[in-house]
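Undergrad: Next comes the sequence, and after it the predicted model I'd like to discuss.
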Amino acid sequence: MSNKAILEYDGKKYELPVLVGTEDEVAIDIEKLRGQSGIITLDPGFKNTGSCKSAITFLDGEKGILQYRGYTIEELSEKSSFIEVAFLLIFGELPTKAELEKFKADIKKESMISEEMKNILDGFPRSAHPMGVLSALTSALTAFNPIPVNVNSKEAIYNAVCKTLGKFPIISAWAYRNSQGLPLNYSDNSLDYTANFMRLMFKIPTEKYVVNPAVVKAMDQLLILHEDHEQNCSTATVRVVGSSHAGLFASISAGVSALWGPLHGGANQAVIEMLEAIQKDGGDVEKYILKAKDPDDPFRLMGFGHRVYKNFDPRAKIIKKAADDVLESLGIEDPILKIAKHLEDVALKDEYFVQRKLYPNVDFYSGIIYRALGIPTEMFTVMFAVGRLPGWIAQWIEMRENKEPIGRPRQLYVGATKRPFVEVDKR
Ligand code: SDX
């Protein structure tokens, strides 16, 4: 395989290095292109452009492969735990038993947040979307933890990781409690991470909170499936914001905002709203397939399609099975699940979707499980954020440790050329 590419333009040839990754992906390194030729590349949405080298997550969209630090998502979601996978993503290796126990204990030491944070929370109307509250509270954590992370110190990074993992589920749960007018819960350090998060969300002061192991296991598996996904929109945002040397909380707050969009993490909420609309409309799946195919109709089949996966999203396969298992174990019959499966069947046989390689993605079935676990629709994307947090942290650390330059893309200017100012009374 050649280690260089030649760009020929206007009678001149430019030699560009070619890099090959550990999974045989090939990249043309254009770092020196503008310097050599005065030419830039243009790639709206970065569909063909790599922003970095990364050793964290590998995905193959054609083959439907997703691996965290070389371990398959299938094995990790079956055999590991959210916190163990967080350690793997952030520090690069699966922890020993002692490392895992220490990691869990050190995160629990960070399971309190300043009481003054409640004053910020109180400023939001009940109607505020929890993602907006979460982004604001995440950024506000900087005010209560003002010392920037010393990225040259392994200890400082470890402490910042534990602090972030300890505090994020609390403010996530508080965003929910605030939206429901419910009293805020504190962590219970006798519980593991995901059980504690569910308790933060659902404990009511008048009753003892009983942990449901089936619910905790389902939630833990869902969180694992969301932990990282290489350079998706919100992770790329965290890396770009962090590249200006903005703090970790500020960078994650920006990631939360990017994830909120309905084309990205907000899709899990949009899927359920779509399925409920189809149900209300008599379950006429074919009508909505036609709408999704109509170029003049802005309607899209939410939970379908993906920038990278042009095959089944491996997470969607696992979540689809988990949805059946969770509903069965909880004895729930959800008509929305039947509509989702019917929609999937019809779409996967339809030429429009087949030709464009549009398959169900991670968001298509996740909302059905969240509903079954009692999570309100508006909180679905917050669940996604709680899951994605370790990936955002790992990617931010990698970017800073690699001393990557500030993210500042070029552009192709297509506006007005130079012209003289005209006084207002002459216009
Ligand atoms: C996530 O990047 C990640 O890794 C994200 C994520 C993660 O873990 O971080 O996996 C999480 O964000 C999953 C995606 C959730 N979003 C949705 O489910 C929203 C619905 N999907 C689409 O909006 C769309 O598929 C995107 C945004 C996901 C991907 O869009 P692309 O890659 O920019 O593709 P495109 O818009 O250029 O579409 C290509 C064609 C177009 O048709 P033509 O112009 O060629 O005729 O496919 C069509 C699109 O109109 N199309 C759809 C469609 N998705 C694409 N048509 C109907 N319904 C859809 N859902």
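TA: In hand now; what should we look at?
Undergrad: quick one: the closest residue in space to residue 344 that isn't next to it in sequence and the ligand, what's the gap?
TA: Using Cβ to Cβ, 6 or more residues apart in numbering and skipping residues adjacent in sequence, the residue nearest residue 344 is residue 360, 5.6 Å away. No exception for glycine: its C-beta is placed from N, CA and C like everyone else's. Separation of residue 360 from the ligand (Cβ to the nearest ligand atom, to the nearest Å) stands at 9 Å.
Undergrad: ok, now which ones touch residue 360?
TA: Going by Cβ atoms under 8 Å, 6 or more residues apart in numbering, residue 360 touches 303, 304, 312, 313, 316, 320, 344.
Undergrad: For ChimeraX, what selects the buried ones among the residues you listed?
TA: To isolate the buried members of those in ChimeraX, using 16 or more other Cβ atoms under 10 Å:
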select :303,304,312,313,316,320,344
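Undergrad: Could you restrict the contacts of residue 360 to the ones contacting the ligand?
TA: Among those, the residues within reach of the ligand (Cβ under 6 Å from any ligand atom) are 303, 304.
Undergrad: Name the residues that touch the strand or helix carrying residue 85?
TA: Element membership for residue 85, per DSSP states H and E: helix 82-91. Applying Cβ under 8 Å, 6+ apart, the contact partners of helix 82-91 are 56-57, 68-69, 71, 76, 80, 94-95, 99-100, 103-104, 107, 161, 165, 192-194, 220, 223-224, 227-228, 387, 389-391, 393-394, 397.
Undergrad: quick one: which of the residues you listed sit in strands?
TA: 57, 68, 71 (DSSP state E).
Undergrad: If any of the contacts of helix 82-91 are buried, put those into a ChimeraX selection.
TA: Provided next is the ChimeraX selection string for whichever of the contacts of helix 82-91 are buried by 16+ other Cβ under 10 Å:
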select :56,57,68,69,76,80,95,103,104,107,161,165,192,193,194,220,223,224,227,228,387,389,390,391,393,394,397
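Undergrad: which ones among the contacts of helix 82-91 are found in helices?
TA: 76, 99-100, 103-104, 107, 161, 165, 193-194, 220, 223-224, 387, 389-391, 393-394, 397 (DSSP state H).
Undergrad: Contact residues of the stretch 101-250 of the chain facing the ligand?
TA: 229, 232.
Undergrad: So which residues of the stretch 101-250 of the chain form helices?
TA: 117-122, 130-144, 154-180, 193-202, 213-225, 233-243, 248-260 (DSSP state H, counting those that start in this stretch).
Undergrad: What parts of the stretch 251-400 of the chain come near the ligand?
TA: 263-265, 267, 292, 300-308, 356, 358, 361-363.
Undergrad: of the residues you listed, buried ones?
TA: 264-265, 267, 292, 300-306, 308, 358, 361-363.
Undergrad: Can you tell me which of those lies closest to residue 153?
TA: For these, the residue nearest residue 153 by Cβ to Cβ is residue 265; the value is 31.6 Å.
Undergrad: My read is that that closest one contacts residue 383, right?
TA: No - Residue 265 is not in contact with residue 383 according to Cβ atoms under 8 Å; the separation is 9.2 Å.
Undergrad: so after the strand ranked longest in the chain, what's the next helix or strand?
TA: Criterion DSSP E: the longest strand present in the chain is strand 12-20. Once the chain leaves strand 12-20, the next helix or strand it forms, by DSSP H and E, is strand 26-28.
Undergrad: what is the mean pLDDT for stretch 17-28?
TA: In this model, stretch 17-28 carries a mean pLDDT of 97.
Undergrad: Could you do stretch 330-340 as well?
TA: 92.
Undergrad: just the ones in strands among the contacts of helix 82-91 now: which is nearest the ligand?
TA: Closest approach to the ligand among the ones in strands among the contacts of helix 82-91 (Cβ to the nearest ligand atom): residue 57, at 9.5 Å.
Undergrad: quick one, what contacts that closest one?
TA: Applying Cβ under 8 Å, 6+ apart, the residues contacting residue 57 are 66, 67, 68, 69, 89, 228, 229, 230, 391.
Undergrad: Next: residue 30.
TA: Residues near residue 30 by Cβ under 8 Å, 6+ apart: 16, 41.
Undergrad: Grab the nearest non-local neighbour of the closest residue to the ligand within the chain.
TA: The chain approaches the ligand most closely through residue 305 (2.4 Å), counting by Cβ to the nearest ligand atom. In space, and not counting its chain neighbours, residue 305 is closest to residue 358: 4.3 Å by Cβ to Cβ, 6+ apart.
Undergrad: Mind listing residues that contact stretch 292-304?
TA: 262, 267-268, 270-271, 273-274, 288-289, 291, 343, 347, 350, 352-353, 358-361, 363-365.
Undergrad: Buried ones only from these, please, as a PyMOL command.
TA: Burial among the contacts of stretch 292-304 is assessed by 16+ other Cβ under 10 Å; the matching PyMOL selection reads:
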select buried, resi 262+267+268+270+271+274+288+289+343+347+350+353+358+359+360+361+363+364+365
